[in-house]
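In: Structural data only, the sequence is not supplied:
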Ligand code: KG4
Ligand code: ZN
């Protein structure tokens, strides 16, 4: 059976991305426009600028991807677009564009939960590679670690997700981004902390391991962030700047604290649910310290671990396209009205 080919559109935050994806997970093409220069100037995402940037970049990206791949609308089985959760203005640009195209081309349209996209990202591959075997093996346990979310999810089947726990305050990515500012490295925080930590000593500073002793699957990172800020303040009482070595050690110790809590709770879930495979997804899953710890956790528990390629860890249209292609193929397309409903926060009952 030919695999369903879908155009995926992702505009939930600051990056504009489109992709052509098959339901097998094969990415035919991926295009991304990043607004990093904007953030370097402003020190963060400005929602109004993000939506204006999407307006400028989305249509040219769609035109380009279809032209470059010599595709006509009849070659597509449908369109998939992130409609929740995210920055409302950014979501509206993607959804309105997708809705217009779907009507013009007479194609089905799937509204995708951004987090479902991340959950499917480990299964994306490129045409010369083999599809990944465990994509349809359930149950799966997945740890979502991004700029906006930290959740531990039990995946019972495609479209059936149980959130076991989530952060009560900051997401891990947010805690890393803020810490990067605190130590003076600025944007983009996560990758900079990752790089600095590689030359640092994880034991140099003793940061708290929040929620390690609780019996549940909840997380909290605001206390870690506050401890990080206090430690830096303490060092800067007697001098003007941190040395490069201090920054490296601070980053390695801070990251170690976050990685240890994440691994601890994940291990507990692996022991309780004994999944066929576990995955770690979202922007922070690009982190080298976290990735190597996950390899060890897989060896220790005997449970296979899959992660996305680095370019599919952060927000991208391919993961949204895959969610759409699988939903079309498995007859799990929500009714059209719900595609148009964009909203900033994902409700647990909506995560399906
Ligand atoms: O999934 P994502 O692209 O956007 C959201 O849905 O939030 O995640 C972005 C987050 C940011 O906080 C960024 O600092 C973090 O992912 N990130 C990393 C790394 N690359 C991106 N954090 C740690 N190490 C990295 N290598
Ligand atoms: Zn994301």
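Out: Perfect, I can see it now. Quick caveat: nothing in here was measured; it's all calculated off a predicted structure. Ligands and ions are numbered 1, 2, ... in the order given.
In: Tell me where the stretch 51-200 of the chain has strands.
Out: 78-84, 109-113, 125-126, 140-145, 150-157, 160-166 (DSSP state E, counting those that start in this stretch).
In: Dump the ones you listed to a markdown table, plus distance to ligand 2, mean neighbour count and mean pLDDT.
Out: From N, CA and C alone the C-beta is placed, and that goes for glycine too. Output for these, formatted as a markdown table (distance: least, C-beta to the ion, whole Å; neighbours: other C-beta atoms under 10 Å; pLDDT from 0 to 100):
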| stretch | distance to ligand 2 | mean neighbour count | mean pLDDT |
| --- | --- | --- | --- |
| strand 78-84 | 9 | 28 | 96 |
| strand 109-113 | 11 | 26 | 94 |
| strand 125-126 | 20 | 16 | 96 |
| strand 140-145 | 8 | 26 | 98 |
| strand 150-157 | 12 | 22 | 97 |
| strand 160-166 | 15 | 16 | 95 |
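In: Using CSV, lay out those strands together with distance to ligand 1.
Out: Formatted as CSV, the strands of the stretch 51-200 of the chain follow (distance: least, C-beta to the nearest ligand atom, whole Å):
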stretch, distance to ligand 1
strand 78-84, 10
strand 109-113, 12
strand 125-126, 19
strand 140-145, 8
strand 150-157, 10
strand 160-166, 14
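In: Can you check which of those strands gets nearest to residue 222?
Out: Proximity to residue 222 (C-beta to C-beta) singles out strand 150-157 among the strands of the stretch 51-200 of the chain, at 11.6 Å.
In: Kindly provide the distance from the residue in the stretch 151-300 of the chain positioned nearest to ligand 2 to residue 70.
Out: Closest approach between the stretch 151-300 of the chain and ligand 2, counting by C-beta to the ion: residue 282, at 5.7 Å. The spacing between residue 282 and residue 70, counted by C-beta to C-beta, to the nearest Å, is 33 Å.
In: Can you pick out the residue with more neighbours from these two?
Out: Shown here are residue 282 and residue 70; by other C-beta atoms under 10 Å, residue 282 has more neighbours (28 against 7).
In: In contact with the closest residue to that one other than its chain neighbours, which residues?
Out: Closest residue to residue 282 apart from its sequence neighbours, by C-beta to C-beta, 6 or more residues apart in numbering: residue 146 at 3.3 Å. Contacts of residue 146 were listed using C-beta atoms under 8 Å, 6 or more residues apart in numbering, and they are 118, 171, 173, 281-284.
In: Backbone dihedrals for residue 146, please?
Out: phi -130, psi -170 (degrees, to the nearest 10).
In: got it, and the one 3 residues further on?
Out: In this entry, residue 149 is assigned phi and psi values of phi -140, psi 150 (degrees, to the nearest 10).
In: What is the burial count for residue 100?
Out: 12.
In: just residue 243 next, same as before
Out: When counting by other C-beta under 10 Å, one arrives at 10 neighbours for residue 243.
In: Kindly report the same for the one 3 residues further on.
Out: For residue 246, the tally of surrounding residues (other C-beta under 10 Å) stands at 19.
In: Please tell me the pLDDT value assigned to the residue of the stretch 51-200 of the chain found nearest ligand 2.
Out: Using C-beta to the ion, the point where the stretch 51-200 of the chain gets nearest to ligand 2 is residue 146, with a distance of 4.3 Å. What the model reports for residue 146 is a pLDDT of 94.
In: Give me every residue in this protein lying close to ligand 2.
Out: 146, 315 (C-beta under 5 Å from the ion).
In: contacting residues around the residue nearest the centre of the chain?
Out: Closest residue to the average C-alpha location of the chain: residue 282 at 2.3 Å, with C-alpha atoms, centre = their mean. Contacts here follow C-beta under 8 Å, 6+ apart; on that basis residue 282 touches 118, 144-147, 149, 173, 313.
In: Just the element for residue 6, please.
Out: strand 5-10 (DSSP states H and E).
In: For ligand 1, tell me whether the next helix or strand after that strand is touching it.
Out: For strand 5-10, the succeeding helix or strand toward the C-terminus, using DSSP H and E, is strand 16-22. No - Strand 16-22 is not in contact with ligand 1 by C-beta under 6 Å from any ligand atom; minimum separation 10.0 Å.
In: partners of strand 16-22, with directions?
Out: Take DSSP bridges as the rule and strand 16-22 pairs in its sheet with strand 5-10 (antiparallel), strand 26-33 (antiparallel).
In: what's the closest of the ones you listed to residue 163?
Out: Between the strands paired with strand 16-22, strand 5-10 lies closest to residue 163; by C-beta to C-beta that is 21.4 Å.
In: Before I go, just wanted to say thanks for your time.
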